[in-house]
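> here is my input; please provide its structure:
(one chain, ligands or ions: 1)
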Amino acid sequence: MEELEIGGLVIRETKTGDADKIVTLLTAERGRISVSGKGVSSLRSKYAASARLFSYSTFLLRKTNRYWYIRDAFYIDSFTELGEDLEKLSLANYVAEAAYEVAREEFENPALLSLTLNTLYAVARTSLPLEQIRGAFEFRMAAQEGFAPDLSACGVCGAPLGLGNEDCTLDVMNGRLLCRKCRAAAENDPAYYENETAKIFIRVSPPVLAALRFIAAAPPKKFLSFSLGKEELSLFSVVCERYLLNHLEHGFSSLEYYKKIRG
Ligand SMILES: [Zn+2]
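Just a heads-up that it's a prediction; the model follows:
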């Protein structure tokens, strides 16, 4: 019998009976852990608050017959403000779903837990534009998981980019930037990609490039400390979303729902 004391954020809950559910915890030390919560949906359960979606607690878990059970839980926070705003709640659902997708069982990932907690905090308790939070979360996640593009210069000829007011291009599937000349050359070169569908080019303006560079390099709690004008922000959110989703090769129903709510 194995016992474990661990900080965990509930990123998914699956009802398995009237008062029972399986909760999936995101942890720093062990990635994703599924835990059987007998009776935890009951209001009388002393673990009800800890076993709710978006709750962060210190759990004492016990493993018997391959399954983890809650032996005790010390509630810390659950971002209850999210329940007051459907738009924020739907974004938080997407954040949790994306974290679930990226996290692996028994694989430590403290950066992912920290990013998810900091993002939920920003959604629930700051007045930052939600599209800024979403894009920064997506791009930072890509960077942390090791598939950020090289943002230093044109990935083909090495020309410096982001100076003055000239746009450049993000070559999504090759994870690199292209200057204007190299983009034109790529578009005229049938051999640039063997697979035409992988040719995803997105325009990136200098302010958006500056934001991407900032997010990739910022300390964990500072990755949202930038601002963009309204038009730049909508370009930014397109860039970040397409970059992450194309690299994960995965769409998210929670993201579609969030976008529908935003109208
Ligand atoms: Zn170039």
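> in a helix, G17, correct?
No - counting by DSSP: H, G, I helix; E, B strand; the rest coil, one finds G17 to be coil, located in no helix.
> what about it, neighbour count?
When neighbours are counted by other Cβ atoms under 10 Å, G17 registers 9. C-beta coordinates here come from the backbone N, C-alpha and C atoms, glycine included.
> how close does it get to S41?
8 Å (Cβ to Cβ, to the nearest Å).
> what residues does the stretch 151-263 of the chain put near the ion?
154, 156-157, 159, 179, 182 (Cβ under 5 Å from the ion).
> among the residues you listed, which ones are in helices?
Among these, DSSP state H puts C182 in helices.
> filter the residues of the stretch 151-263 of the chain next to the ion down to the buried ones, PyMOL style.
Here is the PyMOL command that selects only those of these that count as buried (16 or more other Cβ atoms under 10 Å):
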select buried, resi 154+156+159+179+182
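> among the residues of the stretch 151-263 of the chain next to the ion, which are in strands?
Among these, the members found in strands (DSSP state E) are C154.
> longest helix of the protein?
helix 230-248.
> then that one to CSV, C-alphas only?
Provided in CSV are the C-alpha atoms of helix 230-248 (Å, rounded to 0.1, in the frame of the first residue of the first chain):
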residue,chain,number,x,y,z
LYS,A,230,-7.2,45.8,-29.7
GLU,A,231,-6.3,44.9,-33.3
GLU,A,232,-2.9,43.5,-32.3
LEU,A,233,-4.6,41.4,-29.6
SER,A,234,-6.9,39.7,-32.1
LEU,A,235,-4.0,38.9,-34.4
PHE,A,236,-2.1,37.6,-31.3
SER,A,237,-4.9,35.3,-30.3
VAL,A,238,-5.1,33.8,-33.8
VAL,A,239,-1.3,33.2,-33.8
CYS,A,240,-1.2,31.5,-30.4
GLU,A,241,-4.2,29.3,-30.9
ARG,A,242,-3.2,28.0,-34.3
TYR,A,243,0.3,27.5,-33.2
LEU,A,244,-0.6,25.4,-30.1
LEU,A,245,-3.5,23.4,-31.7
ASN,A,246,-1.5,22.5,-34.8
HIS,A,247,1.4,21.2,-32.7
LEU,A,248,-0.9,19.3,-30.4
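> domain parsing for this structure?
As assigned by automatic domain parsing, the chain contains the domains 2-78, 150-262.
> export those domains to a markdown table and tack on mean pLDDT and distance to R140?
Below are the domains of the chain laid out as a markdown table (pLDDT from 0 to 100; distance: least, Cβ to Cβ, whole Å):
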| stretch | mean pLDDT | distance to R140 |
| --- | --- | --- |
| domain 2-78 | 94 | 15 |
| domain 150-262 | 92 | 5 |
